[in-house]
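>>> Got a predicted structure plus its sequence, pasted below:
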Amino acid sequence: MWRKNNNKPETTYSRNVTIVLFDYRVGFIEFMLLIVSPAKNLNYNKLDRALETGMPRMLAQTEALVERCRLLSPADLSSLMKISDKLALLNTERFQSFSSDFTKENAKAALFAFNGDVYAGIDANSLTEDDVAFAQTHMRILSGLYGLLRPLDKMQAYRLEMGTKLAINGHHNLYQFWGDQITTLLNEDIANQGDNILVNLASIEYFSSINENALDAMIVQPQFKDQKKGQFKTISFFAKKARGLMARYIIQNRLSDVAQLQAFNLAGYQYSDEMSTPTKPVFIRYEKDIPR
């Protein structure tokens, strides 16, 4: 038996079943919070839909990082981030042009600005208004520059991966810079959204910015494995998109307990009872179902 904090309803876990009880104290069904990584690729094309965007909540830290990065030359950025001279120049320009005034011209809602494999799976442009509203409460995006983003937080274009060894304010890297700040804000979001189950769909690089020991949540980490030569393995390219598909599945189906994850069957994946544990559900895809 695992008991929640703050006098919340009791949740019972068996090997493959999680029962989340109706919260009569506040009168609503509890939901989970999911986290994803950002993406290197960005899309700042104009959106054809109106969104009620907001400001990032860790803006003071973001501005401190921007000021530090403004001191770096394109060559410095190229060496620090291990990127091409062309990308280094682009990101130097981004840091130099960063503004405390987030406008329609220089910023975009984070969920719609990121454009990598995970976000191909989420396919934000096809989400309904209700889907986006649900995501705003139950989804968070980890970021090297912004810390923790909500889907509709405004975001100016950047590249600053969480694993970057940027020296700032006596810290040797971004993990040290962010410390427990991301975890603290994440704990607030977990408490506010109704349950303390966190579905981790982020990469190891980004999830490492969270202090698990200080996190007031049970962490559930879905795994995605594809069959290759008879063996099921995690293949990065496929796993990234699968994590995005899982995020989309949670959002569209308004999932409220861990057991519901088992019904995930997008892109040919299916739940494996044999490979799974209560906190690490495994989804497999046979070779015949892998896109060619």
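Ah, there it is.

>>> contacts, neighbours, all on C-alpha from now
Noted.

>>> tell me the contacts of the residue nearest to residue 37 when sequence neighbours are not counted?
Of all residues not flanking residue 37 in the chain, residue 202 sits nearest, at 4.7 Å (Cα to Cα, 6 or more residues apart in numbering). Going by Cα atoms under 8 Å, 6 or more residues apart in numbering, residue 202 touches 35-37, 142, 243.

>>> Would you list the phi and psi of the nearest residue to residue 143 once chain neighbours are set aside?
Excluding its sequence neighbours, the residue lying closest to residue 143 (Cα to Cα, 6+ apart) is residue 38, at 6.0 Å. Taking degrees, to the nearest 10, you get phi -80, psi -170 for the backbone angles of residue 38.

>>> repeat for residue 178
When quoted as degrees, to the nearest 10, the phi and psi of residue 178 stand at phi -80, psi -30.

>>> thought it was touching residue 210?
No - here residue 178 lies out of contact with residue 210, judged by Cα atoms under 8 Å, at a distance of 9.1 Å.

>>> just checking, residue 141 touches residue 39?
No - using Cα under 8 Å, residue 141 makes no contact with residue 39, being 9.9 Å away.

>>> Tell me which residues of stretch 157-169 come out buried.
By neighbour count with 16 or more other Cα atoms under 10 Å, stretch 157-169 contains the buried residues 157-162, 166, 168.

>>> Pull the number of nearby residues for residue 45.
Counted with other Cα atoms under 10 Å, residues neighbouring residue 45 total 9.

>>> Next one: it from residue 104, what distance?
Separation of residue 45 from residue 104 (Cα to Cα, to the nearest Å): 11 Å.

>>> ditto for residue 73
Residue 73 is 28 Å from residue 104, by Cα to Cα.

>>> Can I get the buried ones among the contacts of residue 202 as something I can paste into PyMOL?
Restricted to buried positions by 16+ other Cα under 10 Å, the PyMOL selection for those reads:
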select buried, resi 35+36+37+142+243
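
>>> which ones are touching the residue nearest the centre of the chain?
Centroid-nearest residue in the chain: residue 36, 1.6 Å away (criterion: Cα atoms, centre = their mean). By Cα under 8 Å, 6+ apart, the contact set of residue 36 is 139-142, 200-203, 243.

>>> buried sites along the strand ranked longest in the chain?
The single longest strand within the chain, with elements called by DSSP state E, is strand 270-277. Within strand 270-277, the residues scored as buried using 16+ other Cα under 10 Å are 270-271, 276-277.

>>> Could you do stretch 49-59 as well?
53, 56, 58.

>>> same question, stretch 173-183
By 16+ other Cα under 10 Å, the buried positions in stretch 173-183 come out as 173-178, 180-183.

>>> wait, which of those is closest to residue 123?
Checking these against residue 123 by Cα to Cα gives residue 182 as the nearest, at 25.7 Å.

>>> unless I'm mixing things up, that closest one is touching residue 207, no?
No - between residue 182 and residue 207 there is no contact, the gap being 10.4 Å when judged by Cα under 8 Å.

>>> Now do the shared contacts for the two.
In contact with both residue 182 and residue 207: no residue, using Cα under 8 Å, 6+ apart.

>>> Relative to residue 193, how far out is the residue nearest to residue 54 when sequence neighbours are not counted?
Distances taken as Cα to Cα, 6+ apart put residue 153 closest to residue 54, at 4.7 Å, once the chain neighbours are dropped. Distance of residue 153 to residue 193, computed by Cα to Cα: 17 Å.

>>> Looking at those two, which is more packed in?
Per other Cα under 10 Å, whichever of residue 153 and residue 193 has more neighbours is residue 153, with 22 against 15.

>>> so who does that one touch?
53-56, 108-110.

>>> helices or strands up against the host helix or strand of residue 120?
Counting by DSSP states H and E, the element that carries residue 120 is helix 117-122. The helices and strands touching helix 117-122, judged by 3 or more Cα pairs under 8 Å, 6 or more residues apart in numbering; DSSP states H and E, are helix 236-253.
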